[in-house]
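S.K.: Predicted coordinates and the sequence they were generated for:
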Amino acid sequence: MDKFSLLNEISQLAGKNAITKEELLTAYEKGQGQVEVSGQQTLTPIRFDLATILYYLGGAIVFLGVSIFIGKNWDTLNPLSRLLVTLGTGVVAYSMAVLFTANERLEKISQAFYLISALILPVGIYTLFDNAGVNAISYKFQAINALLLAAIFYTSYFIFKKNVLLLFAVIFSTWLYFDLTLWFYDVQLHSKPENFMNYSLLLAGGIYILAGYFLSSGTARIMAGFLYSFGIIGVLSAGICLTGWMPDQNHIWETIFPLMTFGSFILSIKLESKSILVFGAIFLIGYILKMADEYYTGGPLAPLLLVVIGLLLIAIGYGTYYLNNKYLSRRN
């Protein structure tokens, strides 16, 4: 049966209420390896339908309410009360998320409670340290906080196989990475190199892309898209910042950065990632406009320069369109 005949038959079955949208999605995901196949448990993909958006929005509002309550009453609460409304709330939210995960009908609601726990638990662990009389915002205890949370969510991810847990684990790992990097330069070396944050962001973006590559062939490949997007944004943001601004521009990085953007086009094909292609094009356009702003001096050649810039932007637009249609149009 060809594709059009199959789609026509599906339309007829849907019209007779003989097949549901959920059944079609399940069949599609089974073919993509995103649901249970041959008795193997795989990951629950993150879907941003209306219900899921409302779950996350509700979770964020709950966190906002708890934060306002804590902020307004912090000075009047005793240490035990502070611990209960922070760490206690986070533990309760996480426990409820686990309970909802075990119930197939309520599984999606668990995402909201995982969000609440991920937002409140860092404050709860901070409060625990603060009550113990230690400097909770020091590099040491921030690292412990991030490490504990990353361990909790990585462990939860391997148990419950939910991508939202992996997302939070990656976020806390990123916090740990920047905390340890800052600690190394501030405490151990007592100084930071020029453009320290840019180089740190450049490395973090590269790690994100590498992690996305390792996840792209497994059941968690839906996370690869997130990692590719944030990774390329980190790499190219750091790169364009390293070029500097007149009169302190860095001519070496001004030469390197366009090569980075063209490299991102090649990388998008190798990794089959539309997000890398799109962000590479956006940053290249931004770089051209930045250079034009810095070096544009008017004069008789000014109109010609504007024409060249316009043609370059058109060429970039067509190039991304061509690469997308030729190499990525059939990719997820």
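M.R.: It's in.
S.K.: check contacts around the residue nearest the centre of the chain.
M.R.: By Cα atoms, centre = their mean, the mean C-alpha position of the chain lies nearest to residue 226, the distance being 4.6 Å. Residues in contact with residue 226 (Cβ atoms under 8 Å, 6 or more residues apart in numbering) are 167, 212. Heads up, the C-betas are built off the backbone N, CA and C, glycines and all.
S.K.: How much space separates it from residue 176?
M.R.: Noted for residue 226: a distance of 18 Å to residue 176, by Cβ to Cβ, to the nearest Å.
S.K.: Check residue 323 too.
M.R.: 36 Å.
S.K.: same deal with residue 254?
M.R.: As judged by Cβ to Cβ, residue 254 and residue 176 stand 33 Å apart.
S.K.: Apart from its neighbours in sequence, what residue is nearest residue 295?
M.R.: Nearest in space to residue 295, with sequence neighbours left out and distances taken as Cβ to Cβ, 6 or more residues apart in numbering, is residue 246 at 7.9 Å.
S.K.: Verify the contact between residue 236 and residue 278 for me.
M.R.: No. If you go by Cβ atoms under 8 Å, residue 236 and residue 278 don't touch, sitting 11.4 Å apart.
S.K.: wait, doesn't residue 69 sit right on residue 86?
M.R.: No. Residue 69 lies out of contact with residue 86 (Cβ under 8 Å); the separation is 10.4 Å.
S.K.: Mind checking which of those two has more residues around it?
M.R.: The neighbour count for residue 69 versus residue 86, taken as other Cβ atoms under 10 Å, is higher for residue 86 (25 against 13).
S.K.: what about residue 168, which SS state?
M.R.: helix (DSSP: H, G, I helix; E, B strand; the rest coil).
S.K.: measure it to residue 62 for me?
M.R.: Residue 168 is 16 Å from residue 62, where distance means Cβ to Cβ.
S.K.: More neighbours: which of those two?
M.R.: residue 168 (24 against 18).
S.K.: Mind listing what's buried along stretch 72-89?
M.R.: For stretch 72-89, burial by neighbour count (16 or more other Cβ atoms under 10 Å) applies to 77, 82, 83, 84, 85, 86, 87, 88, 89.
S.K.: Phi and psi next, for the first one.
M.R.: Dihedral angles phi and psi of residue 77 (degrees, to the nearest 10) take the values phi -90, psi 140.
S.K.: again, but for the third one
M.R.: The main-chain torsion angles of residue 83 are listed as degrees, to the nearest 10 and equal phi -70, psi -40.
S.K.: Hmm, residue 124 and it touching each other?
M.R.: Yes. Residue 83 lies in contact with residue 124 (Cβ under 8 Å); the separation is 7.2 Å.
S.K.: Quick check: what element follows the worst-scoring helix or strand of the chain on mean pLDDT along the chain?
M.R.: Least confident helix or strand, the chain: helix 21-32 with a mean of 64, by mean pLDDT, DSSP states H and E. Following helix 21-32 in sequence order, the next helix or strand is helix 50-73 (DSSP states H and E).
S.K.: Quick check: which helices or strands does that next one pack against?
M.R.: Judged by 3 or more Cβ pairs under 8 Å, 6 or more residues apart in numbering; DSSP states H and E, helix 50-73 is in contact with helix 109-131.
S.K.: okay, the helix it packs on in PDB with CA atoms only?
M.R.: Written as PDB, here are the backbone C-alpha positions of helix 109-131 (Å, rounded to 0.1, in the frame of the first residue of the first chain):
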ATOM      1  CA  ILE A 109       1.000  15.800  35.800                       C
ATOM      2  CA  SER A 110       4.200  14.500  37.300                       C
ATOM      3  CA  GLN A 111       6.100  16.900  35.000                       C
ATOM      4  CA  ALA A 112       4.700  19.900  36.900                       C
ATOM      5  CA  PHE A 113       5.700  18.500  40.200                       C
ATOM      6  CA  TYR A 114       9.200  17.600  39.000                       C
ATOM      7  CA  LEU A 115       9.500  21.300  37.900                       C
ATOM      8  CA  ILE A 116       8.400  22.500  41.300                       C
ATOM      9  CA  SER A 117      10.900  20.200  43.100                       C
ATOM     10  CA  ALA A 118      13.700  21.200  40.700                       C
ATOM     11  CA  LEU A 119      13.000  24.900  41.500                       C
ATOM     12  CA  ILE A 120      12.600  24.600  45.300                       C
ATOM     13  CA  LEU A 121      15.100  21.900  46.200                       C
ATOM     14  CA  PRO A 122      18.100  24.200  45.600                       C
ATOM     15  CA  VAL A 123      16.600  26.700  48.000                       C
ATOM     16  CA  GLY A 124      15.900  24.000  50.500                       C
ATOM     17  CA  ILE A 125      19.500  22.700  50.400                       C
ATOM     18  CA  TYR A 126      20.800  26.200  50.700                       C
ATOM     19  CA  THR A 127      18.500  26.700  53.800                       C
ATOM     20  CA  LEU A 128      19.900  23.400  55.300                       C
ATOM     21  CA  PHE A 129      23.500  24.700  54.900                       C
ATOM     22  CA  ASP A 130      22.500  28.200  56.200                       C
ATOM     23  CA  ASN A 131      20.900  26.700  59.300                       C
END
